[in-house]
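**Student:** sequence below, structure please.
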Amino acid sequence: MDRHDRLFPQPLDQRTTRHGLYRCVVTGVAGFIGSRLATRLLHEGWSVVGIDGFTDSYDPAEKRARAASLSRIGGFTMVTGDLAEMALEPCFDGAEVVFHLAGRAGVRASFDIEPRYVHDNVVATRAVLAAARTAGVRRVVYASSSSVYGNGPTPFREDARPEPISPYGRTKLEAERMCLDAADGDLETVALRYFTVYGPGQRPDMGLRIFAEAALGGLPLTLFGDGTQRRDFTYVDDIVAATVSAADADASGLAVNVGGGSSVTLLEVMDLLRRLVARDVRVQMLPVARGDVHATEADVARAVALLHFRPQVAFEAGFRAEVAWVRDRRESAELEEARSA
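**Tutor:** Below you'll find the predicted structure:
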């Protein structure tokens with residue numbers, strides 16, 4: 001495949017590999033973003049091999065439910081294992097692209113179990129890159145994080161010096177640098193720096209879901225800091241669109257910000273949440289948590305130029321969808337409990 005073909009791929013129904021299908025791998029496929037990405041790829045005609053270790057970073061039952069849903073879609077193959085320890089070459093054989101979304105997320109926990117973060121983020125990424133090269137994969141798209149910037153000046157630009165302030169951020173940066181350094185004439189790499197991804201299906205350890213579940217249950221919310229912290233919240237479908245675009249973008253060996261286009265304070269989140277649940281929300285203020293940065297905001301000029309990316313979902317609409325999803329889950333659980341009583 002020459003450079004022109006890589007940048008201007010054939011229509012999906014004309015794309016072939018030596019296996020006869022346009023094939024890719026999604027690591028972390030049972031995660032919040034990975035499952036959403038795999039679903040889109042399958043619906044667009046890709047053959048997808050999904051890999052997940054179903055770790056205990058949060059309730060594995062949620063991950064297994066996502067994997068079960070994917071397995072009902074034609075063209076999907078599920079593989080279970082630890083990326084750092086399993087034989088990856090057979091999984092990667094014939095793949096055009098590896099979307100490497102697997103990793104251990106979460107800033108606060110990383111201070112307590114840093115070796116686990118090194119294993120899941122750094123050692124695993126090293127294994128992915130080595131296997132991708134051996135298997136002849138064309139491109140690795142790596143899911144990096146805005147945490148690599150630390151408390152730098154906003155908006156964050158990709159050419160700024162990364163200064164992560166948590167073990168999580170440091171392991172993501174180390175893995176990102178390995179990916180970008182691996183780019184050469186045989187293997188293309190792109191690192192997408194995701195900014196606070198949210199939406200229906202969000203991980204249970206993430207703030208917006210925790211806030212929504214507490215508010216809908218009439219419980220007080222815990223807010224670390226004074227609420228003036230700002231976050232560039234990015235809707236999951238916008239993240240997925242950028243990730244798919246990165247498979248054939250005219251770029252290699254580069255990091256690219258993927259942000260939602262607005263920076264919202266946590267106090268503004270609380271105000272919106274009160275409107276969405278139509279009740280008062282009690283907030284308990286605690287000191288700023290270790291590793292939390294004050295503000296994130298993405299400069300997305302590079303994403304616009306290289307990925308043709310523009311966020312489509314404004315924060316209010318996206319959070320409304322997430323709150324509705326949390327409400328539906330609560331109501332379904334209550335009905336199931338009533339039936340079982």
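**Student:** please enumerate the strands of this structure.
**Tutor:** 23-27, 47-52, 76-80, 97-100, 139-145, 188-194, 197-198, 221-224, 230-231, 234-235, 254-258, 264-265, 283-286 (DSSP state E).
**Student:** hang on, isn't residue 228 packed against residue 265?
**Tutor:** Yes. Under the criterion of C-beta atoms under 8 Å, residue 228 makes contact with residue 265 at 5.7 Å. To be clear about C-beta, it is placed using only N, CA and C from the backbone, and glycine gets the same treatment.
**Student:** those two: who's more crowded?
**Tutor:** residue 265 (15 against 11; other C-beta atoms under 10 Å).
**Student:** need the contact list for the more buried one.
**Tutor:** 227, 228, 229, 230 (C-beta atoms under 8 Å, 6 or more residues apart in numbering).
**Student:** one step back: can I get the strands of the chain in JSON lines including distance to residue 155 and mean pLDDT?
**Tutor:** Below are those laid out as JSON lines (distance: least, C-beta to C-beta, whole Å; pLDDT from 0 to 100):
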{"stretch": "strand 23-27", "distance to residue 155": "29", "mean pLDDT": "97"}
{"stretch": "strand 47-52", "distance to residue 155": "33", "mean pLDDT": "98"}
{"stretch": "strand 76-80", "distance to residue 155": "37", "mean pLDDT": "97"}
{"stretch": "strand 97-100", "distance to residue 155": "26", "mean pLDDT": "98"}
{"stretch": "strand 139-145", "distance to residue 155": "16", "mean pLDDT": "98"}
{"stretch": "strand 188-194", "distance to residue 155": "12", "mean pLDDT": "98"}
{"stretch": "strand 197-198", "distance to residue 155": "18", "mean pLDDT": "98"}
{"stretch": "strand 221-224", "distance to residue 155": "23", "mean pLDDT": "94"}
{"stretch": "strand 230-231", "distance to residue 155": "11", "mean pLDDT": "97"}
{"stretch": "strand 234-235", "distance to residue 155": "13", "mean pLDDT": "98"}
{"stretch": "strand 254-258", "distance to residue 155": "8", "mean pLDDT": "98"}
{"stretch": "strand 264-265", "distance to residue 155": "14", "mean pLDDT": "96"}
{"stretch": "strand 283-286", "distance to residue 155": "27", "mean pLDDT": "93"}
